[in-house]
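[1] pasting a predicted model and its sequence here:
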Amino acid sequence: MVEALTDRRDLRGGHSLWAADASALQTRTSPRVESCDVAIVGTGISGALIGLKLSQLGLDVVFIDKRSPGRGSTIASTAMIQFEIDTPLHKLAGKIGRQRAERAYLRSVSAVRSLRKLIADESLQCAWTTRDALYLAGDELGSRGLQTEAKMREKIGLPSRYIDGAELRSTYGFDRTGAIVSTLSGQLDPYELTMECLRAAKRYGARVYEGHEIDVVDTSDKGVVLCASKSGMIVNAQRTIVATGYETLEQIPKARYDVISSWAIATETISADQFWPTKCLVWEASNPYLYMRTTADGRIVVGGEDAKIEDGDQRDALIERKSRKLLAGLNRLLPDNGPFKIAYSWAGAFADSPTGLPFMGVVPGMPNCFTSLGCGGNGITFSVIAADIAAAWASGKRDRDADLFD
């Protein structure tokens, strides 16, 4: 028996853009005894994508969360959807071997395609917009390093290519020595994607409960019993998936990740001529790196300034200062397009790993339990992969790439 399923953490602070006009989801709150094939603890983007996948396969799914759906880390996401991993391919090859690194990148490509298909097939209304992604030369990788990276990507057919400074300036309007431009990227509203996935899962028969904090778990070879002692809810499940984000299970090896902090801003709405050409996703090959995207209502979202801070109060106390730095970074990238004014600023917990890869797999010492912890800047892409791996596991199979992440 395990008590206190996950650690407790202040996941975000400030005022997120996605919370401004967030839609609601009808959930269940009354405590009761439930039985199901799979119980999913967590109703953020990871839990929602996993649960929808399982529901599509005909499994009986119950979601449980102590918060309202999507109100943890999900609403702090900047939701840039890319196949690129924070660790460049040639550096990842040095950490885990070339073949495994190539498999990780190719699986990430497949995940972005799968997400696009899911959004289309289920008619998920989440402001999806297809964009190119621009990886700008910086202090971590200059033009030569980016050329090396682009050649290695080209050899395995990744949809990206190197462009020199002249093409970068003429096509995209940024003054750097070079960049890698990648297709097969996009942007969306992470909160609405979560709500839409949960709505779709409900159409397949899933039940969604909020206001129940699971604090006692009894695992065995026969199944899992989840108890929320304060509310009195009990769930009997054949299998359980813990998708609680950065409120992590203590069973995940600490060497696999660090919980740190990240900050973001959204500008006031701006005129069309203040955007950069093509409105592509932009991120820098720098440390710390800055990244930015646009929104459907005419704003720029800028994120970055990551720091090794776990404490929520310390993180939130830095929102104003970090916001000014992010605004300065935006002005540095677009010196002739301002002035820009901040309309929203927020901060959130964030997971970093030595490789940039997430952890997802069977929980050590907890039979019939699976967990997923996204790490790095493309967490939603990793959540799609987690859905596939969890679905295989729940069906008694093993995904071909599970060994990359467990």
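    Nice, I can see it. Numbering: from 1, shown residues only.

[2] burial of the closest residue in space to residue 118 that isn't next to it in sequence, as a residue count?
    Of all residues not flanking residue 118 in the chain, residue 124 sits nearest, at 7.0 Å (CB to CB, 6 or more residues apart in numbering). Backbone N, C-alpha and C define where each C-beta goes, glycine included. Residue 124 is flanked by 21 other residues according to other CB atoms under 10 Å.

[3] make sure residue 124 is indeed in a helix.
    No. Judged by DSSP: H, G, I helix; E, B strand; the rest coil, residue 124 forms no part of a helix; its state is coil.

[4] start and end of stretch 130-142, how far apart?
    27 Å (CA to CA, to the nearest Å).

[5] for the protein, give me the ranges with low pLDDT.
    Applying pLDDT under 70 to the chain picks out residues 1-7.

[6] tell me the helices in it, going along the chain?
    45-56, 89-96, 98-121, 143-155, 165-172, 190-203, 312-317, 319-333, 379-394 (DSSP state H).

[7] can you pull the contacts of residue 84?
    105, 108, 133, 135, 160, 182, 378 (CB atoms under 8 Å, 6 or more residues apart in numbering).

[8] tell me who's in contact with the third one.
    For residue 133, the contact set (CB under 8 Å, 6+ apart) comprises 80, 82, 84, 181-183, 185, 280-283.

[9] adding distance to residue 26, write those out as JSON lines.
    Compiled in JSON lines, the contacts of residue 133 are given as follows (distance: CB to CB, whole Å):
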{"residue": "80", "distance to residue 26": "30"}
{"residue": "82", "distance to residue 26": "33"}
{"residue": "84", "distance to residue 26": "37"}
{"residue": "181", "distance to residue 26": "42"}
{"residue": "182", "distance to residue 26": "39"}
{"residue": "183", "distance to residue 26": "38"}
{"residue": "185", "distance to residue 26": "33"}
{"residue": "280", "distance to residue 26": "37"}
{"residue": "281", "distance to residue 26": "33"}
{"residue": "282", "distance to residue 26": "38"}
{"residue": "283", "distance to residue 26": "37"}
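
[10] ok, and the most crowded of those residues?
    Most neighbours among the contacts of residue 133, by other CB under 10 Å: residue 84, with 28 neighbours.

[11] coming back round to it: how about the helices of the chain in JSON lines, adding mean neighbour count and distance to residue 275?
    Compiled in JSON lines, these are given as follows (neighbours: other CB atoms under 10 Å; distance: least, CB to CB, whole Å):
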{"stretch": "helix 45-56", "mean neighbour count": "28", "distance to residue 275": "26"}
{"stretch": "helix 89-96", "mean neighbour count": "17", "distance to residue 275": "29"}
{"stretch": "helix 98-121", "mean neighbour count": "17", "distance to residue 275": "23"}
{"stretch": "helix 143-155", "mean neighbour count": "17", "distance to residue 275": "24"}
{"stretch": "helix 165-172", "mean neighbour count": "15", "distance to residue 275": "11"}
{"stretch": "helix 190-203", "mean neighbour count": "24", "distance to residue 275": "21"}
{"stretch": "helix 312-317", "mean neighbour count": "16", "distance to residue 275": "30"}
{"stretch": "helix 319-333", "mean neighbour count": "17", "distance to residue 275": "12"}
{"stretch": "helix 379-394", "mean neighbour count": "25", "distance to residue 275": "23"}
